[in-house]
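>>> Give me coordinates for this.
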Amino acid sequence: MQKIKTALLSYGMSGKVFHAPFIALHPGFELLGSWERTKKLIQEDYPSVTSYPSLESVLESDAELIIVNTPVGTHFEYAKKVLLAGKHAVVEKAFTTTLAEAKELTDLAKAKGLKLAVFQNRRWDSDFKTVQKILNENSLGEIVEAEFHFDRYNPLLSPKIHKETANFGAGILKDLGPHLIDQALFLFGMPKSVFADIRITREHSIVDDYIDILLLYSDKRVRLKAGFFVREPNPSFVLHGKKGSFLKPRGDVQEDELKLGKKPNLTTWGAEPKDKEGLLHTEKNGAIIREKIPTLQGNYYDYFDAVYQSITQNLPEPVTGQEGTNVMQIIEAAIQSNTEQKVITIG
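You can find the predicted model right below:
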């Protein structure tokens, strides 16, 4: 099997939890190491890899694929340098800070014949995969409305300075927003217009920490919500169609288990507890049914396998630069809508 030499640009929580374990598990990747600015931690987990002292040393290495998992405000600069160095790139969400940056990176990758994938791992969550299955089976009929939540209760400010200072990459819109927006666009495509309410609700916060985004389609409405004052969470996915409804709590276990240091596998990984099953209330074969639906397993390994296939077989990336650009278009429309207090048409 062809090995793709891979390096990270950070070994904080993102690198340690979401990237390195799956790169190490996949037989098609060789983890070379990570750029580490102060703390030198990657060799504690992977003794044979390199702790790179600078971005330039990573770019000069024989890495073929570089994971841009640094703070959002650096994504454009670093990803552009990666592509100009002739390397394939995976870029964390939010893809960039502006739509123009997203377009430039996508065009650059295409011009240089390189793969550019956005890390929208939540498409491989167990709960979202189950929602997708319900829609693909047409269990609800024509969708009339949907509501996606990413709820948390956390009134305290983050200790990560870049998340709580005023910069173009900070705030919940570019933190949790990209997950919700990407999932909605993946299921329903681009809307005709957007209306958004973006607020600050935490004491002493100077960055947005509440979003309510309404995507307007010709035949449906999709609402996306995230905030830090939801002690009793709503269902994370609510879908209503002309035949019935599906309600699904957030149940994916991968992030929590990765944070505990558990290593992913290809068999039992990503299995939700049974009490997180979704409720389907609809019409089936002429009868009304109301039943719990078994949850599909999630596994972020499948994202990395798709990256591997895209590079070795010249297939589309699992989440393309264009899809990342579409998310940024919605984010910019949401900002404009909140500022001008009006519906913004998507061109």
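>>> for this structure, which residue is closest to the average position?
Residue closest to the average C-alpha location in the chain (C-alpha atoms, centre = their mean): residue 120, at 2.9 Å.
>>> Which strand runs longest in this structure?
Looking across the chain with DSSP state E, the single longest strand is strand 143-151.
>>> and that one, what other elements does it pack with?
Identification of packing neighbours for strand 143-151 by 3 or more C-beta pairs under 8 Å, 6 or more residues apart in numbering; DSSP states H and E yields helix 177-188, strand 221-227, strand 237-241. The way it works is simple: take the backbone N, C-alpha and C, and place the C-beta from them, glycine included.
>>> pretty sure residue 15 contacts residue 42?
Yes - at 7.5 Å, residue 15 counts as touching residue 42 under the criterion of C-beta atoms under 8 Å.
>>> Overlap of the contact sets of the two?
Common neighbours of residue 15 and residue 42 (criterion: C-beta atoms under 8 Å, 6 or more residues apart in numbering): 8, 34.
>>> Partner strands of the longest strand of the chain, with direction?
When pairing is defined by DSSP bridges, strand 143-151 lines up against strand 221-227 (parallel), strand 237-241 (antiparallel).
>>> And that strand, what's buried?
By 16 or more other C-beta atoms under 10 Å, the buried positions in strand 143-151 come out as 143, 146, 147, 148, 149, 150, 151.
>>> List the contacts of the lowest-mean-pLDDT helix or strand in the chain.
Lowest on mean pLDDT, DSSP states H and E among the helices and strands of the chain sits helix 161-164, with a mean of 85. Applying C-beta under 8 Å, 6+ apart, the external contacts of helix 161-164 come out as 71, 73, 157, 158, 169, 170, 175, 205, 206, 207.
>>> cool, stretch 49-66 as well?
For stretch 49-66, contacts defined as C-beta under 8 Å, 6+ apart pick out 4-9, 29, 31-36, 40, 42-43, 78, 81-82, 85, 87-90, 115, 307, 311.
>>> one step back: need the strands paired with strand 143-151 in CSV with mean neighbour count, distance to residue 258 and mean pLDDT, can you?
CSV is the format used below for the strands paired with strand 143-151 (neighbours: other C-beta atoms under 10 Å; distance: least, C-beta to C-beta, whole Å; pLDDT from 0 to 100):
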stretch, mean neighbour count, distance to residue 258, mean pLDDT
strand 221-227, 21, 21, 98
strand 237-241, 21, 22, 98
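>>> follow-up on the earlier one: ok, of the contacts of helix 161-164, which one's closest to residue 266?
The shortest approach to residue 266 among these belongs to residue 175, at 29.7 Å (C-beta to C-beta).
>>> Dump stretch 6-21 to CSV, keeping only the CA atoms.
C-alpha atoms of stretch 6-21 as CSV (Å, rounded to 0.1, in the frame of the first residue of the first chain):
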residue,chain,number,x,y,z
THR,A,6,1.8,13.4,6.7
ALA,A,7,2.6,16.2,9.1
LEU,A,8,0.6,18.4,11.5
LEU,A,9,0.9,22.1,12.1
SER,A,10,-0.1,21.8,15.7
TYR,A,11,-0.2,19.2,18.4
GLY,A,12,-2.7,20.8,20.8
MET,A,13,-6.2,19.3,21.3
SER,A,14,-7.0,19.1,17.6
GLY,A,15,-3.8,17.3,16.6
LYS,A,16,-3.8,15.0,19.6
VAL,A,17,-7.5,14.1,19.5
PHE,A,18,-8.9,14.5,16.0
HIS,A,19,-6.0,13.9,13.6
ALA,A,20,-3.0,11.9,14.9
PRO,A,21,-5.0,8.9,16.2
